[in-house]
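Visitor: Predicted structure and sequence below. I'll ask about it afterward.
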Amino acid sequence: MTDMFFTKVPVITIDGPSGSGKGTIASLLANQLGWHLLDSGSLYRLTALAAQIHGVDLADEDNLKVLAAHLDVQFVAATESEPAKIILEGERVERAIRAEDISLLASQVAAITQVRQALLERQRAFAEAPGLVSDGRDMGTVVFPKAPLKIYLTASAEVRAERRFKQLKESGFSANIDQILEDICARDERDMKRVSAPLKPAEDAIIIDTSRLTVTEVVTKVMAEVEARGL
Ligand SMILES: Nc1ncnc2c1ncn2[C@@H]1O[C@H](COP(=O)(O)OP(=O)(O)OP(=O)(O)O)[C@@H](O)[C@H]1O
Ligand SMILES: Nc1ccn([C@H]2C[C@H](O)[C@@H](COP(=O)(O)O)O2)c(=O)n1
């Protein structure tokens, strides 16, 4: 039944390391196509934030799994007058889940197999007509292995650190470029080397190095692949 469902609803997966531009490109693409959007990293971030709020230790995998399976979260799409909202247990958290401590915690939580399994069906449920653009680390390899278009974005660690530094400053967070670069490298290592669903391109993914490309250039490249497949 699951297989039938996935072949009926087109999914474009966008995977890659932190700061490669997945979220930016996925959001622009979903808007352009009028499709749904899944920012799967937000689910790991929400699990990390919920663990912090409820004082659940990283070593307590059973309770982390329960937290992930029962996340009380609402995603409210942006309107013309209001930005998108993420509400966890009644509180707006779209800013809180982007803080650097939650980024690091999310990467640790995401290495836990039980947590990944608890979030799997929740992610697949986002695949609704007319289609879904999903971004993350294992969208093309594990969550939507039959997606008709899989993109893997990458960029040098230095470029990604520079982007994250700018992004944090613009959002009013204090930031240190050397620390960000160190954190990005640590996160890459953990995301790529973990046993469960490690970050890697799917065999049939199209790999785009965004280090020297503008956002518009990346979108244009991806849209050419969308059109080539008649999606
Ligand atoms: N090609 C690009 N050129 C310049 N800046 C970019 C490019 N792509 C993304 N950015 C900027 O880099 C920052 C990080 O991008 P984004 O959040 O999309 O990355 P990400 O891969 O989704 O990261 P994460 O996985 O950590 O959420 C944003 O401020 C975004 O505007
Ligand atoms: N499908 C996914 C999505 C995210 N993660 C991990 C990777 C990061 O360490 C963390 C937060 O993700 P981000 O918001 O930075 O994209 O969650 C993952 O393992 N699998």
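Guide: Thanks, I have the structure now. Ligands and ions are numbered 1, 2, ... in the order given.
Visitor: how close does residue 56 sit to residue 110?
Guide: For residue 56, the distance to residue 110 equals 15 Å [CB to CB, to the nearest Å]. C-betas here are computed from N, CA, C, even on glycine.
Visitor: Could you check which of the two has the larger neighbour count?
Guide: residue 110 (28 against 19; other CB atoms under 10 Å).
Visitor: And that one, what's its pLDDT?
Guide: Residue 110 carries a pLDDT value of 93.
Visitor: What of the one 10 residues further on?
Guide: If you check residue 120, the pLDDT there is 96.
Visitor: go on, residue 41?
Guide: 96.
Visitor: Leaving out sequence neighbours, find the closest residue to it.
Guide: residue 136 (5.8 Å; CB to CB, 6 or more residues apart in numbering).
Visitor: How many residues are close by that neighbour?
Guide: Residue 136: 28 neighbours (other CB under 10 Å).
Visitor: how far away is it from residue 197?
Guide: From residue 136 to residue 197 the distance is 9 Å (CB to CB).
Visitor: swap in residue 71?
Guide: From residue 71 to residue 197 the distance is 18 Å (CB to CB).
Visitor: same check, this time on residue 172
Guide: 33 Å.
Visitor: anything in stretch 24-36 near ligand 1?
Guide: Yes. Under the criterion of CB under 6 Å from any ligand atom, stretch 24-36 makes contact with ligand 1 via residue 24.
Visitor: More neighbours: residue 71 and residue 197, which one.
Guide: Each of residue 71 and residue 197 has its neighbours counted (other CB under 10 Å); residue 197 has more, 20 against 16.
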